[in-house]
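Participant: turn this into a structure:
(one chain, ligands or ions: 1)
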Amino acid sequence: MIPQQQLSGGQNLAMKDEVQQQQFSKVASSEAEFRQLIGDENEGTLARFVDNKLNVLIWSRSPRDRNLIFGAQVSLPQLIRELAPLIDAISRPGFQAHWKHPFVATEIGETLPHWEVAVYLLNPAKLKNSARTVKLTLGLLIAVLILAISVGSWLIVTDLSQQLKLARQKTDFVSNVSHELKTPLTSIRMFSELLAEGRVNDPTKQRSYLGIITAETARLTRLINNVLDFARLERGEKKYKLEQCDLRALVKETCETFRPHFEANEFKFECQTPDHPVLVQGDRDGLAQVIVNLLSNAEKYSGNQKQIELRLEKNDSKAEITVLDRGMGVPKGCEEKIFEQFYRAHDSLSSGIQGSGLGLTLARQIARAHGGEVGYEGREGGGSCFRLSLPLVM
Ligand code: ADP
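Facilitator: Next up is the predicted model:
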């Protein structure tokens, strides 16, 4: 299209010629440009900005004459009007969006440059909230995982160190027991050889040697009983025969068995019992073993203070046997550990006192099997106080 212009006069005619020439050459140049843009294509669209306005042309080449091209210009205001109801249909009624901040947006393409399709969230705060919730949940999950890993590692390390401690205690136990077996056996062998060879003719000495042999045999028996009972308890095979028994008679009997040995070793030994029977439900052998273990410990750990006391008392609904000595006492911090299996607060090397670390473990297990308890208390003025308490028969 050439715009119509009003031109007049000779000069005007000359100018008219010039203008017309220019206009024809413009048409020729824009046609050439158009042909260059469409190339060899058969159809397509062409979008151009003219006077800051978008013009979209849809064109198609005639199949019969390739130089003949049909075109139609899209009326964009009309297109907007046509699209409006469609957009209204998919949008929430009354929805107002912040046009500059879409959730996602994309350009439509070359056909409609500068046209964009965008999606807006109805409630952007909701998405922010759910993102915060997801973040919080993830954070919590990670924290819980880290906690679980730390607790798990701590448990593994504790378990491993416990296993190591137990393995070390078992090795110590074997060497302790071997020592405890060896010492009485050596004495028994030495004194029995002396007597057998007839090298001791003095009757007092003979009696004293026989006394040593009997005491050492009793010590061996105690040790073997403790080890065997411990093994049975560990396997869950140990059963106690609970029947009504008089604790006073049992205590007296055990004390009298020990008395000659204590006196021979210059111990001051006192055994206090009430005048009346003290009835408990218990296994005689088991309870005797507890008393024997406590008395033999009092002897072993008495040091230079050779004083041992045993008291049997009735206390409310309980019978209490207290074994007291004035010896070295249990070191601070070990008051409960001494009841653990194989644990020795005074080890053989430093104290020179032999033991298996089982006596108190067994004493406590036997007491608990009777519904009672064995505990330790330090004593004012030095020494130990071990208390066995058992429920009374009412
Ligand atoms: P052990 O065979 O070593 O004597 P026990 O289980 O009888 O084993 O005792 C455990 C530990 O308790 C002993 O090694 C000792 O350190 C401590 N102990 C037991 N009785 C006494 C006591 N009367 N005085 C001081 N310490 C004691």
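Participant: tell me how far stretch 33-42 is from the chain's mean position?
Facilitator: In terms of CA atoms, centre = their mean, to the nearest Å, the centre of stretch 33-42 is set 75 Å apart from its chain centre.
Participant: again with stretch 46-63
Facilitator: With CA atoms, centre = their mean, you get 73 Å for stretch 46-63.
Participant: can you confirm L310 is in a strand?
Facilitator: Yes. Counting by DSSP: H, G, I helix; E, B strand; the rest coil, L310 falls inside a strand.
Participant: need the three-state assignment for N304.
Facilitator: Strictly by three-state DSSP, N304 counts as coil.
Participant: how far away is it from the ligand?
Facilitator: As judged by CB to the nearest ligand atom, to the nearest Å, N304 and the ligand stand 13 Å apart. C-beta: built from backbone N, CA, C; applies to glycine.
Participant: how many residues are close by that residue?
Facilitator: 7 (other CB atoms under 10 Å).
Participant: and stretch 316-326, what's buried?
Facilitator: Buried residues in stretch 316-326, counting neighbours by 16 or more other CB atoms under 10 Å, are found at 318-326.
Participant: out of these, the closest to the ligand would be?
Facilitator: D325 (5.2 Å; CB to the nearest ligand atom).
Participant: strands of this structure, residue ranges please.
Facilitator: Ranges of strands in the chain, per DSSP state E, are 43-50, 53-61, 69-74, 104-107, 116-119, 243-246, 268-272, 279-282, 307-315, 318-325, 373-378, 384-391.
Participant: which stretches of the stretch 151-300 of the chain form helices?
Facilitator: 203-234, 247-264, 284-300 (DSSP state H, counting those that start in this stretch).
Participant: and the longest one, anywhere near the ligand?
Facilitator: Pointing back at helix 203-234 there. No. If you take CB under 6 Å from any ligand atom as the test, helix 203-234 misses the ligand, and the best it gets is 7.9 Å.
Participant: between that helix and helix 247-264, how many degrees?
Facilitator: Calculated by axes from the mean of the first three to the mean of the last three CA atoms, to 10 degrees, helix 203-234 forms an angle of 130 degrees with helix 247-264.
Participant: buried residues of helix 203-234, list them for me.
Facilitator: 209, 212-213, 215-216, 218-220, 222-223, 226-227, 229-230, 233.
Participant: for stretch 190-202, same thing?
Facilitator: F191.
Participant: and the contacts of that stretch?
Facilitator: 206, 209-210, 212-213 (CB atoms under 8 Å, 6 or more residues apart in numbering).
Participant: save the residues you listed as TSV, and put in distance to Y240 and pLDDT too.
Facilitator: Converted to TSV, the contacts of stretch 190-202 look like this (distance: CB to CB, whole Å; pLDDT from 0 to 100):
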residue	distance to Y240	pLDDT
Q206	41	93
Y209	37	91
L210	34	93
I212	33	88
I213	31	92
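Participant: tell me the one among those nearest to R311.
Facilitator: I212 (29.1 Å; CB to CB).
Participant: count the neighbours of the closest residue to the ligand within the stretch 151-300 of the chain for me.
Facilitator: Nearest to the ligand, among the residues of the stretch 151-300 of the chain, is N297, at 3.4 Å (CB to the nearest ligand atom). N297 has 22 neighbouring residues, counting by other CB under 10 Å.
Participant: what does R311 give?
Facilitator: Neighbour tally, R311, other CB under 10 Å: 17.
Participant: who in the chain is up against the ligand?
Facilitator: 293, 297-298, 300-301, 325, 327-330, 338, 344-346, 355-361, 384.
Participant: number of residues surrounding the residue nearest to F95 when sequence neighbours are not counted?
Facilitator: Once flanking residues are discounted, F95 sits nearest to L122: 6.6 Å by CB to CB, 6 or more residues apart in numbering. Other residues within reach of L122, judged by other CB under 10 Å, total 11.
Participant: state the distance from L122 to Y343.
Facilitator: 71 Å (CB to CB, to the nearest Å).
Participant: now do I213
Facilitator: Distance from I213 to Y343, by CB to CB: 31 Å.
Participant: same question for L164.
Facilitator: 15 Å.
Participant: neighbour-wise, which of those two wins?
Facilitator: Taking other CB under 10 Å, L164 and Y343 do not tie; Y343 has more neighbours (19 against 10).
Participant: which residues touch that one?
Facilitator: Contact analysis of Y343 by CB under 8 Å, 6+ apart lists 169, 334, 337, 357, 361.
Participant: pretty sure the second one sits against A345.
Facilitator: Yes. With contacts defined as CB atoms under 8 Å, C334 counts as touching A345 at a distance of 4.3 Å.
Participant: what about the residue lying closest to L37 once chain neighbours are set aside, how many residues nearby?
Facilitator: Closest residue to L37 apart from its sequence neighbours, by CB to CB, 6+ apart: L46 at 6.2 Å. Residues lying near L46 (other CB under 10 Å) number 16.
Participant: pretty sure L46 sits against V56.
Facilitator: Yes. The pair L46 / V56 is scored as a contact, 7.3 Å apart, by CB under 8 Å.
Participant: so what sits against both of the two?
Facilitator: What both L46 and V56 touch, as defined by CB under 8 Å, 6+ apart, is an empty set.
Participant: wait, S348 sits on S178?
Facilitator: No. Applying CB under 8 Å, one finds S348 not in contact with S178, separated by 10.6 Å.
Participant: now the buried residues of stretch 316-326 in JSON lines, with pLDDT?
Facilitator: Formatted as JSON lines, the buried residues of stretch 316-326 follow (pLDDT from 0 to 100):
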{"residue": "K318", "pLDDT": "95"}
{"residue": "A319", "pLDDT": "96"}
{"residue": "E320", "pLDDT": "97"}
{"residue": "I321", "pLDDT": "97"}
{"residue": "T322", "pLDDT": "97"}
{"residue": "V323", "pLDDT": "97"}
{"residue": "L324", "pLDDT": "97"}
{"residue": "D325", "pLDDT": "96"}
{"residue": "R326", "pLDDT": "95"}
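Participant: list just the nearest of these to F70.
Facilitator: Distances from F70 to the buried residues of stretch 316-326, taken by CB to CB, are shortest for K318, at 116.9 Å.
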